[in-house]
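**Student:** got a structure for you, letters missing:
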Ligand code: FES
């Protein structure tokens, strides 16, 4: 699913940036993938994907 139309960035790419490139907030994500630095329409969605990925990862770690 595309999150950022301006840069053609998908939710999977954002998840990967969080997991592999230690992106922790929208500022890091902008630097990394450009998400949100054009029209800004994707920012809210991108923020919730970052947050959700971090939550999922910490839940996974607790179980492991
Ligand atoms: S949709 Fe992401 S900056 Fe426009």
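**Tutor:** Done, it's in. Please read all numbers here as calculations on a predicted model, not as lab measurements. Residues are numbered from 1 along each chain as shown.

**Student:** Would you mind measuring from residue 4 to residue 56?
**Tutor:** 20 Å (CB to CB, to the nearest Å). Placement of C-beta: from N, CA and C, glycine included.

**Student:** So between those two, which is more surrounded?
**Tutor:** Using other CB atoms under 10 Å as the criterion, residue 4 and residue 56 rank with residue 4 on top: 25 against 13.

**Student:** Pretty sure the more buried one sits against residue 47.
**Tutor:** No: the criterion here is CB atoms under 8 Å, and residue 4 misses it with residue 47 at 11.9 Å.

**Student:** Just give the nearest non-adjacent residue to residue 54, would you?
**Tutor:** Distances taken as CB to CB, 6 or more residues apart in numbering put residue 18 closest to residue 54, at 6.4 Å, once the chain neighbours are dropped.

**Student:** contacting residues for that neighbour?
**Tutor:** For residue 18, the contacting residues are 24, 49-50, 53-54, 57, by CB atoms under 8 Å, 6 or more residues apart in numbering.

**Student:** So how do I select the buried members of these in ChimeraX?
**Tutor:** The buried subset of the contacts of residue 18, as determined by 16 or more other CB atoms under 10 Å, is captured in ChimeraX by this line:
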select :49,50,53
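
**Student:** what phi and what psi does the backbone show at the spatially most central residue of the chain?
**Tutor:** Nearest to the mean C-alpha position of the chain, by CA atoms, centre = their mean, lies residue 14 at 3.5 Å. Main-chain torsions, residue 14, degrees, to the nearest 10: phi -70, psi -40.
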